[in-house]
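A.B. asks: got a sequence here, can you model it:
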Amino acid sequence: MSEPQRDATRPMPVVDTEKHPETERPTEAGQRLARPTEEPALSPDAKGSGRFWSARRVPSAIIALLTLGGAGLLLYDIVAVRAGYPAMYWRRELARQLAERHLDDIPVLAGAAFVTAVGLWLILLAITPGLRSLLPMLRPRHDVRAALTRDAAAQVLRDRAVTVSGVREARVRMRRRRADVRVISHFRDPAEVRGDLDEALAGAVTDLGMARPPKLSVRLRGPGKKG
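C.D. replies: Now for the predicted structure:
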């Protein structure tokens, strides 16, 4: 059985070992096409991670109802007077009291103080964001906002604290700028427990990813004497 002869005239593949600068370096347009389209990772925008503003639905509804009721009652009384009916008793009495009483009378001062307090309360509601139970988190994107409740953040810190060897009990009270941690230790050197606890809580605060990391206030004490 004879082996088939190869065709000597068949062109063999040639490997070009010469480097061509114009083909070796891709163009900038080619790089843009070959590179996968990825959105650049945005740095956390702490400035844009402000507190969440409350809608103030309850105060707004109360003020709107009172204003609507007062305006409607006054308009009804004015229309009745124009139609030839006598004014309501409350408007005649209010006009008489304002004409007879002086500015330094106690009822006048009390009414002015009440109106001033209500006005200051409304101004305070208008210039403050509210929702103090929500702690803003860092924003990885400009169109994403997130927040943690105080209870959730406190629970994370507590869970991280109780994982430290030597910690028997931990309580965390989360504030806007500070986290108060109260820990009861046992069977270990308090200095070692405190070092491990500070490291664990610092890592937990970093993992929370809050826009304003709270300052830790850790208090460690022993289990106390029995009996």
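
A.B. asks: which helix or strand contains the residue most central in space within the chain?
C.D. replies: Against the mean C-alpha coordinate of the chain, by C-alpha atoms, centre = their mean, the closest residue is Pro136 at 2.4 Å. According to DSSP states H and E, Pro136 maps onto strand 134-136.

A.B. asks: returning to that earlier point: quick check: bridge partners of the residue nearest to the centre of the chain?
C.D. replies: Beta-bridge partners recorded for Pro136 (DSSP bridges): Ala147.

A.B. asks: close enough to count as contact, it and Phe52?
C.D. replies: Yes. Shown here, Pro136 and Phe52 form a contact pair, counting by C-beta atoms under 8 Å, at 6.9 Å. Heads up, the C-betas are built off the backbone N, CA and C, glycines and all.

A.B. asks: overlap in contacts, those two.
C.D. replies: With contacts defined as C-beta atoms under 8 Å, 6 or more residues apart in numbering, the residues shared by Pro136 and Phe52 are 145, 147.

A.B. asks: for stretch 56-68, give me every contacting residue.
C.D. replies: 122, 125, 130.

A.B. asks: narrow those to those in strands?
C.D. replies: Taking DSSP state E, every one of the contacts of stretch 56-68 sits outside strands.

A.B. asks: output the helix or strand where Ala191 lies as CSV, nothing but the C-alphas.
C.D. replies: Under the criterion of DSSP H and E, Ala191 resides in helix 190-208. This file holds the C-alpha atoms of helix 190-208, laid out as CSV (Å, rounded to 0.1, in the frame of the first residue of the first chain):
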residue,chain,number,x,y,z
PRO,A,190,-10.0,43.4,79.3
ALA,A,191,-7.1,45.1,77.4
GLU,A,192,-7.2,42.3,74.7
VAL,A,193,-10.9,42.4,74.5
ARG,A,194,-10.8,46.2,74.0
GLY,A,195,-8.3,46.0,71.3
ASP,A,196,-10.2,43.3,69.3
LEU,A,197,-13.4,45.2,69.9
ASP,A,198,-12.1,48.5,68.6
GLU,A,199,-10.8,46.8,65.5
ALA,A,200,-14.0,44.9,64.9
LEU,A,201,-16.2,47.9,65.4
ALA,A,202,-14.0,50.1,63.2
GLY,A,203,-14.3,47.6,60.4
ALA,A,204,-18.1,47.4,60.9
VAL,A,205,-18.4,51.2,60.6
THR,A,206,-16.4,51.1,57.4
ASP,A,207,-18.6,48.2,56.0
LEU,A,208,-21.7,50.2,56.7
